[in-house]
Structures are given as C-alpha cells and as structure tokens.
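Asks: Build me a model:
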Amino acid sequence: MTKKAIVICGYLASGKSTFALRLARELNVPYLIKDTFKSAICRDLPIEDRSASSRFSAATFNAMLYVAERLMEAGAPVILEGNFVPAGVKPVDEAGELRGLMEKYGYSSLTYKFTGDTAVLYRRFIERENTPGRGRANRIGGEVSQETFDSWCRAMDGFGLGGETVEVDATDFASVDYDRLIRAAMPPRT
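Replies: I've put the predicted structure just below:
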C-alpha cells in the first residue's frame, strides 16, 4: 500500500487513537497520533494554561505535517490521527494543509470520521482527563461543560479531504466492527 494517506479524525474520546494503533499494526504502516506527538514535543516544556496548550497543538500539527511530508517524499503510506478541523475553526486550515500535501505527492486519501452521542463521549472524556496516561500536555486544565464539549466536537463535523470516507459511530465501542474498518484500508487483492 503506497501513496496512501489514512486520516483518522473526529470527536474527542471516540477511540481514534486506539483504532490508529490497531490499524497501523495490521497494515504495518507508520502512524502519527497528535496527542502522543504533542506529549513528546512538550515533555520538558512548561504548559501554564489552555492558551499555551493550544499554541503547542498548532506546533504539533506543523511537526506532524513535516514528518508526513518526509514519508510522502519516500512514497511511504502514512496514518495521521487527530482532532482535525475544517477551515475557519482554527487559524490554520488543517484540511487544506493535508489536502495540499496529498496533492503535491499524488496521494489518495482514506478518512475515518469518528463521531457518536456527545453525552456518552463527554462522560468518557471526563474520565480520561483524570488518568495519568493522558499526559500533562493534553489535559484541558479545568472544568468543561457538556455544552462546550459538544461544540468542540461539532466544530469537527465539516472536516473532509475528498477521497473515500468511512463514518464510524463510536458511541458504543462494542458495536463497532473494527475488522470491517481495517478491511476498508487493505489494498485490493490481485
């Protein structure tokens, strides 16, 4: 599987990172997960507040693009996971940046969009925020209402790259057919 970028995006606490790891192992493809990438970048840097965390998120996106471009220059497939947003939500048009990179190197895309009932995802998000594995760089650092959480998730709805898109309702992890999702990324058999 060459010249393919697999993008895993969508709502917070919807299982994107877990799926990215599983998919990368199944396909033997390099992967970049925004939260773990951000934790590595920020390991020894002070993050005083949400504003600093947001600046580091922007830097993380730029670093991910840099690494993805190096992989694309070599013709390698890549998996990119994150809470990517459409134009107008952040100062940087993340969808446009990713699309431009794929066009530059002649890559096709497969996008998995993880969504779900935001009331259920909000409960998962709150539980996850208080776990040591979340990491200092990725914690919100304060109370977040369900309404705010819902608005953050809905801001991601318009993200798209063109190409094939697979919608995933991750409200109930047990009902997601992960094997089917993995098969959608497999190269066709000849």
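Asks: low pLDDT regions in this protein?
Replies: For the chain, applying pLDDT under 70 flags the ranges 1, 49-50, 52, 131-142, 190.
Asks: can you give me the strands for it?
Replies: For the chain, the strands defined by DSSP state E cover 4-10, 31-33, 78-81, 108-115, 164-169.
Asks: Now tabulate these in a markdown table and tack on mean neighbour count and distance to residue 186.
Replies: For glycine as for every other residue, the C-beta is placed from the backbone atoms N, C-alpha and C. Below are those laid out as a markdown table (neighbours: other Cβ atoms under 10 Å; distance: least, Cβ to Cβ, whole Å):
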| stretch | mean neighbour count | distance to residue 186 |
| --- | --- | --- |
| strand 4-10 | 25 | 11 |
| strand 31-33 | 20 | 16 |
| strand 78-81 | 26 | 13 |
| strand 108-115 | 20 | 10 |
| strand 164-169 | 15 | 13 |
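Asks: and of those strands, who's closest to residue 91?
Replies: Shortest distance between residue 91 and the strands of the chain, using Cβ to Cβ, is found for strand 4-10: 18.2 Å.
Asks: centre of the chain versus that closest one, how much separation?
Replies: Distance of strand 4-10 from its chain centroid, counting by Cα atoms, centre = their mean, to the nearest Å, is 7 Å.
Asks: and what of stretch 177-190?
Replies: When distances are taken as Cα atoms, centre = their mean, stretch 177-190 is centred 19 Å away from the chain's centroid.
Asks: Identify each buried residue in that stretch, please.
Replies: 181, 185 (16 or more other Cβ atoms under 10 Å).
Asks: about what we covered before: now the strands of the chain as CSV including distance to residue 41?
Replies: Below are the strands of the chain laid out as CSV (distance: least, Cβ to Cβ, whole Å):
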stretch, distance to residue 41
strand 4-10, 20
strand 31-33, 12
strand 78-81, 16
strand 108-115, 23
strand 164-169, 28
